[in-house]
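S.K.: no sequence on this one, just coordinates:
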C-alpha cells in the first residue's frame, strides 16, 4: 500500500507537468488548429534561463519571472517570424515548421548555455513530507498546485472573457472572426506568448525535481502531445485529466513492471487514442458535409 501511494504521488507530480505542456498545446491548437511541437522547448527554456539567471546573481523568484517573460517573447517571435509567414499553408507544413523551430531552439540553447544537467534550489526546501508511509517533496506540491491554478485560469479565460472567446472564434473560422472585427493576428500572437509562458512556468516548477538540460524538451513535447490527445485536443479540462492519467500510467508502469517501459507508455497512449477514441476523452466528434 505504501508503494502504491508513493507511485501515485510520483505520477501526479509528473502528470501535472505533462498537463501544463498539454495546456500549451491546447491554447495554440484552439487559436490556429496547429500542433506546436516546439512546446517542449519552452519548458526547457524556462528551466535553463532560470538556472543561469540565478547563477548570475538574481534572486530565484526574479530569475523565474525573467525566464517566463523571455520565453514568452520567444514564443511571440516564433509566431511572427515562422508561423505568420506560412499563413495559408497546409497544416502539415506549419507543423513541420514548429519541428524545425524546436531543433533551432535546442541547438541555440546548447551553444548559449551548455550540455550539462542543471537545477536550482527547491522553493520550500528538500525535506520530504510523510503521508501514510509514503513521502512527497514540497516542490511536488508547487508543481501540482501550479497546474491546477493555470487550468482554472485558462478555463475562466476561455469561457468568461471576450478575448478567450475570440481565440475560440478564430480557431473555428478565421475568416468569419475577421468579418466580425476580431484581430486574428493579435489573437495568434497572444496564443503563442501565453503558451510559451505556461511552458516556461512548467520548466521553473519541475527543474528542482527532475533537473534540466538543453535536450529535455523533445520527450516533454511528445508526452504533452499524448496527454492532449488523450484528454481531447483543444480542451483545457482534457489536457489536465490527460496529463494526470499519463503521469499515473508511467509511474505505475515503472513501479510494477520496469522503468525501461516507462517512456513507451506515451507511444502506446497515442496509438490507442488514434485507433479507439480519436476525439479523446473530452473531445467532440465532428462531421463534415461533402
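M.R.: Arrived safely, thanks for sending. Note that the coordinates shown come from a computational prediction; the quantities given were computed from them, not determined experimentally. Numbers count the residues shown, from 1 in each chain.

S.K.: quick one: the strands in the protein?
M.R.: Along the chain, the stretches classed as strands by DSSP state E are 129-131, 134-136.

S.K.: nearest to residue 189, out of these?
M.R.: Ranking those by their distance to residue 189 (criterion: Cβ to Cβ) puts strand 134-136 first, at 38.5 Å. C-beta: built from backbone N, CA, C; applies to glycine.

S.K.: neighbouring strands for that closest one, and are they parallel or not?
M.R.: strand 129-131 (antiparallel) (DSSP bridges).

S.K.: just give me the neighbour total for residue 130.
M.R.: Number of residues near residue 130 (other Cβ atoms under 10 Å) recorded here: 9.

S.K.: and residue 219, by the same measure?
M.R.: Residue 219: 12 neighbours (other Cβ under 10 Å).

S.K.: for it, what are its contacts?
M.R.: 40, 263 (Cβ atoms under 8 Å, 6 or more residues apart in numbering).

S.K.: same thing but at 6 Å, please
M.R.: For residue 219, the contact set (Cβ atoms under 6 Å, 6 or more residues apart in numbering) is empty.

S.K.: please apply the same query to residue 241.
M.R.: Taking Cβ under 6 Å, 6+ apart, one finds residue 231 in contact with residue 241.

S.K.: what of the one 3 residues further on?
M.R.: Residues counted as contacts of residue 244 (Cβ under 6 Å, 6+ apart) are residue 15.

S.K.: try it again with 8 Å
M.R.: 11-12, 15-16, 18-19.

S.K.: please apply the same query to residue 95.
M.R.: Contacts of residue 95 (Cβ under 8 Å, 6+ apart): 34-35, 37.

S.K.: tell me which of the contacts of residue 244 is nearest to residue 162?
M.R.: When these are compared against residue 162 (criterion: Cβ to Cβ), the nearest one is residue 19, at 26.0 Å.

S.K.: and that closest one, how far is that from residue 72?
M.R.: To residue 72, residue 19 is 19 Å away according to Cβ to Cβ, to the nearest Å.

S.K.: ok, these two, which is more surrounded?
M.R.: Neighbour count, other Cβ under 10 Å: between residue 19 and residue 72, residue 19 has more, with 35 against 23.

S.K.: wait, isn't the more buried one in contact with residue 240?
M.R.: Yes - Residue 19 is in contact with residue 240 according to Cβ atoms under 8 Å; the separation is 4.7 Å.

S.K.: which stretches of the stretch 101-250 of the chain form helices?
M.R.: For the stretch 101-250 of the chain, the helices defined by DSSP state H, counting those that start in this stretch cover 138-160, 162-172, 174-179, 184-210, 217-231, 236-256.
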